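A.B. asks: Based on what follows, work out the 3D shape:
(one chain, ligands or ions: 1)
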Amino acid sequence: SNPAKVLLSHGNASVEIYLFGATVTSWKVGGVEKIFLSKKAHLDGSKAIRGGIPLVFPHFGTIPTSTLPQHGFARVSTWSRLDPPSETETATSVAFTLSPRAVPAALAAKWPHAFRLTYTVTLTTDTLTTTLKVENTADVAWEFTSLLHTYFATRGVAHVGVKGLEGASFVDKVAEGAPRAVESRTAVIVAGEVDRVYEGVDDKAEVTVTGTGHGDVVVHRTNLPDVVVWNPWTDKAKAMADFGDDEFDNMICVEAGSVAKFISLQPGETWTGGQTLKTA
Ligand SMILES: O=P(O)(O)OC[C@H]1O[C@@H](O)[C@H](O)[C@@H](O)[C@@H]1O
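C.D. replies: Here you go, the predicted model:
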């Protein structure tokens, strides 16, 4: 067994999680892979894993008040597994933790706050739940944003529709000036570069990824009000060294997060957010 990753299975489902970034890199149900992992992904800890479910913390994208790299340090830090996986009749679960001493020193120095993250991955025969708990272990308040950057596998992204975002307000990061608009379509489709942050989407609204060729997946969110839809399309694909030129056709990112507003945590306070992916 490879100590760098944890494999869980439950019935006919399985999940693979690298300690690097606590990145889920595979979720299979009945032998069908639901998650995209680039053929060019670095799996040796030299770069954030291109694909799977990278964890975004302590901030989404780049922000003027931080010199951390885009999407923060959680996805490029090596996490520790907490206990051995536990299995019940209905689910198999494992948890990982990250605190500042396991963050690369140069990055920790750029965000000098005491914290503890706990990431729990739970597998049932038809669901994958990933939950992040953020604790402020400092004696002063600090703030953060976070997101589960899920890459879904697709066979021809032109067939994909992301349902459940109709009526949601979004920021279009591709359009000049990143304008804000309201989604009018029942399904978001990909026919060019897409990079949109849908904000304040009711937790009760299920987001469904359809037409992937790998079976529909319903995304249930808890405490993650924002949904990012991203596909780099042709030019951005070519510009990414760890992504095949044609792989834009094999993936769509539907990312559940809390990114539109900073979350402030007082000393001793915790915040928990997560998603359940369910085969439909
Ligand atoms: O290349 P990275 O850092 O993994 O980011 C990938 C994409 O992540 C998305 O969440 C962002 O909205 C995009 O703007 C970004 O390009």
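
A.B. asks: show me where pLDDT drops low in this protein?
C.D. replies: 1-3 (pLDDT under 70).

A.B. asks: hey, where'd the helices end up in it?
C.D. replies: Using DSSP state H, the helices assigned to the chain run over residues 105-108, 233-239.

A.B. asks: Adding mean neighbour count, write these out as CSV.
C.D. replies: Glycine gets a C-beta too; all of them are placed from N, C-alpha and C. Formatted as CSV, the helices of the chain follow (neighbours: other C-beta atoms under 10 Å):
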stretch, mean neighbour count
helix 105-108, 13
helix 233-239, 14
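
A.B. asks: between these, which one is nearest to Thr270?
C.D. replies: helix 105-108 (20.3 Å; C-beta to C-beta).

A.B. asks: So what touches that closest one?
C.D. replies: Helix 105-108 is contacted from outside by 68-69, 73, 76-77, 100-101, using C-beta atoms under 8 Å, 6 or more residues apart in numbering.

A.B. asks: which one of these sits closest to Thr137?
C.D. replies: Distances from Thr137 to the contacts of helix 105-108, taken by C-beta to C-beta, are shortest for Pro100, at 9.0 Å.

A.B. asks: residues contacting Pro267?
C.D. replies: Residues near Pro267 by C-beta under 8 Å, 6+ apart: 136-141.

A.B. asks: now for those residues, which pair is the farthest apart?
C.D. replies: Top of the distance list for the contacts of Pro267 (C-beta to C-beta): Thr137 and Ala141, 12.1 Å.

A.B. asks: Excluding chain neighbours, what is closest to the residue of the chain positioned farthest from its centre?
C.D. replies: Distance to the chain centre peaks in the chain at Asp139, reaching 28.9 Å (criterion: C-alpha atoms, centre = their mean). Spatial nearest neighbour of Asp139, excluding adjacent residues (C-beta to C-beta, 6 or more residues apart in numbering): Pro267 at 5.1 Å.

A.B. asks: what about the residue farthest from the centre of the chain, distance to Pro64?
C.D. replies: The gap separating Asp139 from Pro64 is 26 Å, by C-beta to C-beta, to the nearest Å.

A.B. asks: For Lys163, give the beta-bridge partners.
C.D. replies: Lys163 has these beta-bridge partners by DSSP bridges: Ala187, Thr208.

A.B. asks: count of residues packed around it?
C.D. replies: Neighbourhood size, Lys163 [other C-beta atoms under 10 Å]: 18.
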